[in-house]
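*Asks:* I would like to see how this sequence folds:
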Amino acid sequence: MRCNMAMWDRILRFIFGVILTAYAIAGGPFWAYIGLYGLITAGWGLCPIYAFFNTRTLRERRRRISDEE
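*Replies:* Next up, the predicted model:
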C-alpha cells in the first residue's frame, strides 16, 4: 500500500501518541491507549481511516519526464 500521510502529520501523530500512551501507562483512563494507534500509523505512514475516506495529506511528487528518455 502507498503512504497517505505527510511528514508533518506523522510527526504530530508520533508526539501525541507518545504523550497519550505514557499517560495511559501512568494510570490514566483506558481511552488514552488510543495513542498506540497514533504511534503505529506514524511509523507505518498509512492511516486506514484516511484510506477508507479516500483522504490524504501527502502530496504527489511529480517527476519531469525529459524528452531524452
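*Asks:* how about the top helix by length along the chain: buried residues?
*Replies:* Across the chain, the longest stretch assigned as helix under DSSP state H is helix 7-25. Neighbour-count burial for helix 7-25, with 16 or more other C-beta atoms under 10 Å as criterion, is recorded at 9, 10, 13, 14, 17, 20, 21, 24. (C-beta placed from N, C-alpha, C; glycine too.)
*Asks:* considering those, which is situated nearest to residue 35?
*Replies:* Closest approach to residue 35 among those (C-beta to C-beta): residue 20, at 2.9 Å.
*Asks:* I'd like to know how far that closest one sits from residue 58.
*Replies:* Per C-beta to C-beta, to the nearest Å, residue 20 is found 23 Å from residue 58.
*Asks:* again, but for residue 46
*Replies:* Taking C-beta to C-beta, one finds residue 46 at 10 Å from residue 58.
*Asks:* overlap of the contact sets of these two?
*Replies:* 3, 4, 5 (C-beta atoms under 8 Å, 6 or more residues apart in numbering).
*Asks:* below-threshold pLDDT in the protein: ranges please.
*Replies:* Along the chain, segments meeting pLDDT under 70 span 1, 61-69.
*Asks:* mind picking the two most distant members of the buried residues of helix 7-25?
*Replies:* Maximum pairwise distance among the buried residues of helix 7-25 (C-beta to C-beta): 21.9 Å, between 9 and 24.
*Asks:* same for the longest helix of the chain, what does it pack against?
*Replies:* helix 35-44 (3 or more C-beta pairs under 8 Å, 6 or more residues apart in numbering; DSSP states H and E).
*Asks:* please save the CA atoms from the helix it packs on in PDB.
*Replies:* Below are the C-alpha coordinates for helix 35-44, written out as PDB (Å, rounded to 0.1, in the frame of the first residue of the first chain):
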ATOM      1  CA  GLY A  35      -2.100   6.700  21.400                       C
ATOM      2  CA  LEU A  36      -0.900   3.300  20.300                       C
ATOM      3  CA  TYR A  37      -2.900   3.800  17.100                       C
ATOM      4  CA  GLY A  38      -1.100   7.100  16.500                       C
ATOM      5  CA  LEU A  39       2.300   5.500  17.100                       C
ATOM      6  CA  ILE A  40       1.600   2.600  14.700                       C
ATOM      7  CA  THR A  41       0.200   4.900  11.900                       C
ATOM      8  CA  ALA A  42       3.100   7.300  12.300                       C
ATOM      9  CA  GLY A  43       5.600   4.600  11.900                       C
ATOM     10  CA  TRP A  44       3.900   2.900   9.000                       C
END
